[in-house]
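Asker: Sequence isn't available, so here's the structure alone:
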């Protein structure tokens, strides 16, 4: 790649649709990333395993941030895709024990199954012009149906090959990911490093996506789907694409989770599990991937700490936190604080909002118009 290509990537990473810009932000980002890597040398096995568990949920949270915050589609279905991926991985990996590359094939099948289901579901929802307020209900129903079905799969008749579904007790003894001689066990340093690498790669990849021309068109769909459609874009296709990508990220979290815990049960697709990603995204701020990343890790840690001291209060406290956020920080705590800091820093200038991940309608539609009249890009119909 030549110097111009690197400059283009740098400009895209520092685009206006995400928090954090300039050298200072990236220095802090690199230092924190290096700190996570160094922690693998000094942290105990227990602490590394716990932190890896928290970080494994980040792709699912970022997927919902992309879908809800940038495309404007609220979904309670991330848990369904998380669970489907985990179960499919367990079935394939369990039947390929001892086969070289078996867990990698199982991971591909798990993520692929969640994306295929999302594509089929999204096709009927978005091409059927289902009202926006009904979509969250449909996705929640999807999660609850899958939970109910999998809870009824107890008994030896519910098996594929050598793998039992396990009913409400769940599928157990699922093999961890393995690449050659390296096995990514949940309590291993290798798994911790894998999860850290995946989290950083997903965040940077989505940051490039939302600041690309395609990302501006996605934001245009959020702001005014009909106006974007009039510019010549296949809005239904774009919504299906983003919905499928978000499902794939939830599926990635599902694969990481079963590799960590070696089990999957129906409650991973239940009401509580379906609600948690929405809380993470709303509390941090759905208009920023960085805010979603931070809130996902922080709230996962909070939920774990509360569960140790009294599990019956964990979800109640998270719900109260969501209510407080909606009342006093409608855009999310991280995004609201960042916006106020930016406004105070740039008070009196006309460019005070240029670097905030707000719904910048004029910029989004300007990019959409440029693509519709010139380069069509991947969003054109």
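Answerer: Great, that's in hand. Model, not experiment: these values are computed from the prediction.
Asker: show me the contacts for residue 76.
Answerer: Taking Cβ atoms under 8 Å, 6 or more residues apart in numbering as the contact definition, residue 76 lies against 136, 139-140, 143, 274-275, 278. All C-beta atoms are positioned from the backbone trio N, CA, C, and that covers glycine.
Asker: do residue 206 as well
Answerer: Residue 206 touches 62, 65-66, 289, counting by Cβ under 8 Å, 6+ apart.
Asker: and those, which two are the farthest apart?
Answerer: Taking Cβ to Cβ, the two most distant members of these are 66 and 289; they sit 7.3 Å apart.
Asker: tell me, what's touching these two both at once?
Answerer: With Cβ under 8 Å, 6+ apart, residue 66 and residue 289 have common neighbours 206, 210.
Asker: Settle it for me: which of these two has more neighbours?
Answerer: residue 289 (29 against 25; other Cβ atoms under 10 Å).
Asker: looking at it, that one is touching residue 209, isn't it?
Answerer: No: assessed by Cβ atoms under 8 Å, residue 289 is found out of contact with residue 209, at 9.4 Å.
Asker: circling back to that earlier point, so which of the contacts of residue 76 sit within strands?
Answerer: Among these, none falls in strands (DSSP state E).
Asker: of all these, which comes closest to residue 153?
Answerer: The closest of these to residue 153 turns out to be residue 143 (Cβ to Cβ; 16.3 Å).
Asker: Pop the domain breakdown of the protein in here.
Answerer: In terms of domains, the chain is parsed into 72-268, 270-344 (source: automatic domain parsing).
Asker: Format the contacts of residue 206 as TSV; extra columns: secondary structure and pLDDT.
Answerer: Shown next, in TSV, are the contacts of residue 206 (DSSP: H, G, I helix; E, B strand; the rest coil; pLDDT from 0 to 100):
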residue	secondary structure	pLDDT
62	helix	98
65	helix	97
66	helix	97
289	helix	96
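Asker: Kindly indicate which of these lies nearest residue 109.
Answerer: Of the contacts of residue 206, the one sitting nearest to residue 109 (Cβ to Cβ) turns out to be residue 62, at 22.1 Å.
Asker: related to what we said a few turns ago, relative to residue 26, tell me which of the domains of the chain wins on proximity.
Answerer: Across these, residue 26 has its closest neighbour in domain 72-268 (10.7 Å, Cβ to Cβ).
Asker: Nothing else from me, thank you.
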